[in-house]
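Q: okay, predicted coordinates and the sequence, questions at the end:
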Amino acid sequence: MSTLPVPISLLDRSRTRAGDDAGTALHDTVARARRAEELGYRRIWVAEHHAVPGIASGSPPLLMATIAARTERIRVGSAGVMLPNHRPIVVAEQAKMLAALHPGRIDLGVGRSLGFTAPVRDALGVHDYGPEHFARALEELTALLAGTAPVTAMPKGVPAPPVLVLATGSGLTVAARLGLPVVVGGPLLRGDLGPLEDYRAGFRPQRPGDAPSVLVSVDVLVADTRERARELAMPEAWAMVESRTTGAFPPLRPEPAMRLTARQQARVEEHLAATVHGTSEDVAEQLTGLVERTGADELVVFASTHDRAALADSDAALASLHP
């Protein structure tokens, strides 16, 4: 069995499942983190979403604290905390609190995505948040963590956790200027990789030894056969299509919630085409190609499916590809 050339970490979005309550999804995330530690994964990541029926977690720091307390070695990260929704000093103090309680295990990934719908953006009080707003907030955050801001982020004397930027074009530019690692995925990986080359060329190290670092986010499911892996990828594909139809991202279901039109079925196939799925050999080959094409330093896998046992088996099979 071939192994991948870079480390793998897991991103669990606390996906809800039809028929279960949201609390079950959160307990599933903690259980998955514990298994990931046993399997030897480098990191477990959690994310921030608000008022999304299909995702239970809206508070990465709280979920990170729970995971870190229930594990011993695995790093715990946010992918990410959305800076439009929080003052930088609040983000800095939450991250430093976690770092004080769990030294050397906390990673702070930040992004600038807004709420999923207009009512959510209204509830968050954020509508106009451009690249320049994000750049200022990120500069303030890094200064607070480094202890160079006009005020002191508490607790004092705690080594700052690493900051990573969930980035697109403009975010890559800011991350390069501040000398920060980036997490990229989605359309960027399927298009021109020039922005990644610009990021590496424009990277300004802040400390000796700093270098550009790219983490690539990708949807991966592993099964004994290609057909079974495709079946496992279907619930997420159906949810994506339903969200485009109804405007609400739904819980995972074992079958489509609606009768799919030809156009919707085509969108399912588009989603599947962007997913890495298959046998261990298939997945190893595809991910190795992705690493070679992007120069990734780490892979962040965010798979989900309705079948919990099958997801656990997929995680275990993927872990066997660890370098």
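A: Here it is on my side, so go on.

Q: a helix runs through residue 277, doesn't it?
A: No: read with DSSP: H, G, I helix; E, B strand; the rest coil, residue 277 is strand and lies in no helix.

Q: my guess is it contacts residue 228. True?
A: No: Residue 277 sits out of contact with residue 228 when judged by C-beta atoms under 8 Å, with a separation of 9.2 Å. In short, each C-beta sits where N, CA and C put it, glycine included.

Q: in the stretch 201-323 of the chain, mark out all the strands, start to finish.
A: 214-218, 220-222, 276-278, 298-301 (DSSP state E, counting those that start in this stretch).

Q: longest strand anywhere in this structure?
A: strand 75-82 (DSSP state E).

Q: pLDDT (mean, whole number) over that strand?
A: Mean per-residue pLDDT for strand 75-82: 96.

Q: rounded mean pLDDT for the next helix or strand along the chain from it, please.
A: Per DSSP states H and E, the first helix or strand lying C-terminal to strand 75-82 is helix 88-101. Helix 88-101 comes out with an average pLDDT of 98.

Q: how distant is helix 88-101 from the center of its chain?
A: 19 Å (C-alpha atoms, centre = their mean, to the nearest Å).

Q: got the angle between the very next helix or strand once past it and strand 214-218?
A: Using DSSP H and E, the next helix or strand after helix 88-101 towards the C-terminus is strand 106-111. If you take axes from the mean of the first three to the mean of the last three C-alpha atoms, to 10 degrees, strand 106-111 sits at 70 degrees to strand 214-218.

Q: what ranges do the helices span in the stretch 151-300 of the chain?
A: Taking DSSP state H, counting those that start in this stretch to define them, one finds helices in the stretch 151-300 of the chain at 169-178, 187-190, 194-202, 226-246, 262-273, 280-294.

Q: nearest to residue 41, of the ones you listed?
A: helix 280-294 (14.5 Å; C-beta to C-beta).

Q: could you list the buried residues of that closest one?
A: 280, 282-284, 286-288, 290-291, 294 (16 or more other C-beta atoms under 10 Å).

Q: neighbouring contacts of it?
A: Contact partners of helix 280-294, identified using C-beta atoms under 8 Å, 6 or more residues apart in numbering, comprise 1-6, 184, 189, 193, 196, 214, 216, 218, 220, 222, 226, 229, 276-278, 296, 299, 317-318, 320-321.

Q: circling back to that earlier point, now for the longest strand of the chain, which elements pack on it?
A: Secondary-structure packing of strand 75-82 (3 or more C-beta pairs under 8 Å, 6 or more residues apart in numbering; DSSP states H and E): strand 8-11, strand 43-46, helix 60-70, strand 106-111, strand 163-166.

Q: between the ones you listed, which one is closest to residue 313.
A: Closest among the helices and strands packed on strand 75-82, using C-beta to C-beta: strand 8-11, at 13.9 Å.

Q: sheet partners, orientation included, of that closest one?
A: strand 43-46 (parallel), strand 298-301 (parallel) (DSSP bridges).

Q: can you give me the pLDDT of the closest residue in space to residue 256 that isn't next to it in sequence?
A: Closest residue to residue 256 apart from its sequence neighbours, by C-beta to C-beta, 6 or more residues apart in numbering: residue 238 at 4.5 Å. Residue 238 carries a pLDDT score of 96 in this model.

Q: about what we covered before: for the helices of the stretch 151-300 of the chain, which has the smallest mean pLDDT value?
A: helix 187-190 has the lowest average pLDDT among those, namely a mean of 78.

Q: kindly format the C-alpha coordinates of that helix as PDB.
A: Taking C-alpha atoms only, helix 187-190 is exported to PDB below (Å, rounded to 0.1, in the frame of the first residue of the first chain):
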ATOM      1  CA  PRO A 187     -12.700  26.400  -7.000                       C
ATOM      2  CA  LEU A 188      -9.100  27.600  -6.400                       C
ATOM      3  CA  LEU A 189      -7.800  24.000  -6.800                       C
ATOM      4  CA  ARG A 190      -9.800  23.400  -9.900                       C
END
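
Q: sounds good, over and out.
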